[in-house]
Each structure stands twice: as structure tokens, then as C-alpha cells.
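Chemist: For reference, the sequence and a predicted model appear below.
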Amino acid sequence: MRAIGVNTWVWTSPLTDANAPDLLRHVAGLGFDAVELPLENAGDLDPAATAAVLRETGLTPYVVGAMAPGRDLLAAPPEAIASTQDYLRACIDLAAAVGAPAVCGPFYAKTGRVWRLDEDARAAAYEEWRANLAPVVEHAADRNVRIGIEPLNRYETSLVNTVDQALAGLGSLLGPSLGLALDTYHLNIEERSSADAVRRAGEHLVHLQVCGSDRGAPGGDQTDWPALLAALDDVGYAGPLNIESFTPDNAAIAVAASIWRPLAASPDDLARDGLAFLRSVPTAAPTGGAR
């Protein structure tokens, strides 16, 4: 059976030293193997305290970043790019300190930032992105942490919507310290076949987030889960399936993720239902960490 994880955004935002210990214990109590730790702002989580709770619970951690307003790696003032690089380094440092193998997110532009790009403009944007991402990748390599770049749907970005665009945009930067983080919600919108998109990501697949096609619990939705899991087996992905959804109770995150209605009777129901479904889907892959 694959390991199953969940993002703490299902319950709360932001995750901080004040709420992390009890929530991580709750996540472990529900039966999860792994947890995604969103670092919304540098300093929200004390590495030593977080690592201690992770040891207590046995949860395998993964760090995810949030591209809030003012965070951009291209087409932005130099000071904004520098502060974004510093934020991403902080995410990497937290991951290294708590034993997380990967830091994942849409690390290119503020979520929700869209602009039209013709072929030449896109090529220039990707070149600038690579140049400004490269020092962050070097930092990740020094810390033995892998970065996973997440394509988002067309309503959240116009820069990287598909696996093919991510591969083209990252180009020669792809390697041991940089790959892709895929999310079934975005795949459902942008790809003709989620399973084929996973196969195109291939060896570059670092991390996978899952949810229903409506952003709720996986299972009972339009996603072809057996086909998706078969594709994960085909590319040798041995990492966890990580449920990502969002609490509607935090106005900022609900607006950013377009959560306009409850996706389950409660966050616990969403987590439990998703966990039960994912445990029930046959898979040949062994439990393990990120590839």
C-alpha cells in the first residue's frame, strides 16, 4: 500500500507553532502516514519543535510553499524577486531541519497572477524564471532537499499550466534537486489525460497531491483513479498520495483557492473519506518516500 498524507490546509491556515502540535497529533490519530506542512511565512514554524512532534507522531513531513502577493520569480522588481528567493530558501531550510525530502509549490509567480504570453514572450519569461530559480535550486542541492514545481490551472496562472510547459520551462535545471509536483485537481482541468501527464513527467515526478475533481475528498468523483495509480507505478513513483484541500473558514485562502462552499460536512470527514478511499484503491507500489 502507498503511504497516504494530508495537507494541514484541510483544517487551518496558517500553520504555526501555536496550532501545529495538536493538529499533527490529530492527523496521525486519523491514520495518515505523512503530512504536508505549509510554510506561509518564514518563522511560522520552529524547526526543532516541529521535528519533535513529527518524531512523536511518526508522520513523514513534506513542506509546501505559498506564492502569496509579492512573491514572484519573474517580471517583477528585483527586490520582490530577491525576497521570494529568500522565502523559498526558508522553506528549504525548514524541510532540511525536519527531515522533509521535498519542498513543493507553484514557484514562479503569485498565485492568481495571469497575463497573455505569445511564443516569444513565453520563451523570455521561462529564461528569466530559470535564471532566478537557479540559486534556489543550488540551495536545495546543498541541503539535500528536492524542489517540486507545481503547474496550476489557467485561472490561477498563465505561465505553467501543463506538465509539458513545466518541462519546457525548467529545461536544463531539471535534475536531482528539481522536478515536478503534480496535483490531480489541476491535471483534471488542464490535461487531456491525467495518467498520460504523469507518464510525461516520468522520472521528474517529485510529489503528488490528490483530491476529488471538485476539490473535495478523492473518491466518488470523475477522476479515473485506477488509471492514475497505474501511471504512478509505470514511472516508479514511490512517494505518498497527499490529500490537499482547503478550509473555507480562512477568508484569504478560500478566495485564493476559489472555495465558495463546504466540500464536506467537516474537515475531518473530508480527510477520513479521502483516506478510506485511497486505502481501497489497488496499487502495486510499495510504501516509501519521495523518489
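Modeler: Received the coordinates, thanks.

Chemist: now the strands for the stretch 51-200 of the chain?
Modeler: Assigned by DSSP state E, counting those that start in this stretch, the stretch 51-200 of the chain shows strands spanning 60-65, 102-105, 146-149, 178-183.

Chemist: for this protein, which helix is longest?
Modeler: helix 119-142 (DSSP state H).

Chemist: Give the buried residues for that one.
Modeler: Taking 16 or more other CB atoms under 10 Å as the basis for neighbour counts, the residues of helix 119-142 that come out buried are 122, 125-126, 128-130, 132-133, 136-137, 139-141. Any C-beta I mention is one placed from the backbone N, CA and C, and that applies to glycine too.

Chemist: which ones are touching Ala227?
Modeler: When contacts are counted by CB atoms under 8 Å, 6 or more residues apart in numbering, Ala227 touches Ser194, Ala195.

Chemist: State the distance from it to Val163.
Modeler: Using CB to CB, to the nearest Å, one gets 16 Å for the distance from Ala227 to Val163.

Chemist: Roughly how far does the closest residue to Thr16 other than its chain neighbours sit from Ala238?
Modeler: Counting by CB to CB, 6 or more residues apart in numbering, Thr16 lies nearest to Asp44, which is 4.8 Å off, once chain neighbours are set aside. Taken as CB to CB, the spacing of Asp44 relative to Ala238 amounts to 29 Å.

Chemist: what does Gly202 give?
Modeler: According to CB to CB, Gly202 and Ala238 sit 14 Å apart.

Chemist: Equivalent analysis for Thr12, please.
Modeler: Taking CB to CB as the criterion, Thr12 is separated from Ala238 by 29 Å.

Chemist: ditto for Gly105
Modeler: Looking at Gly105 against Ala238, where the rule is CB to CB, the gap reads 21 Å.

Chemist: Between these two, which is the more surrounded one?
Modeler: Neighbour tally, Gly105 and Ala238, criterion other CB atoms under 10 Å: the higher count belongs to Gly105, 23 against 16.

Chemist: isn't that one right next to Gly65, touching?
Modeler: Yes - between Gly105 and Gly65 a contact is recorded at 3.8 Å, counting by CB atoms under 8 Å.

Chemist: so what sits against both of these two?
Modeler: Among the neighbours of Gly105, those also in contact with Gly65 (CB under 8 Å, 6+ apart) are Cys91.
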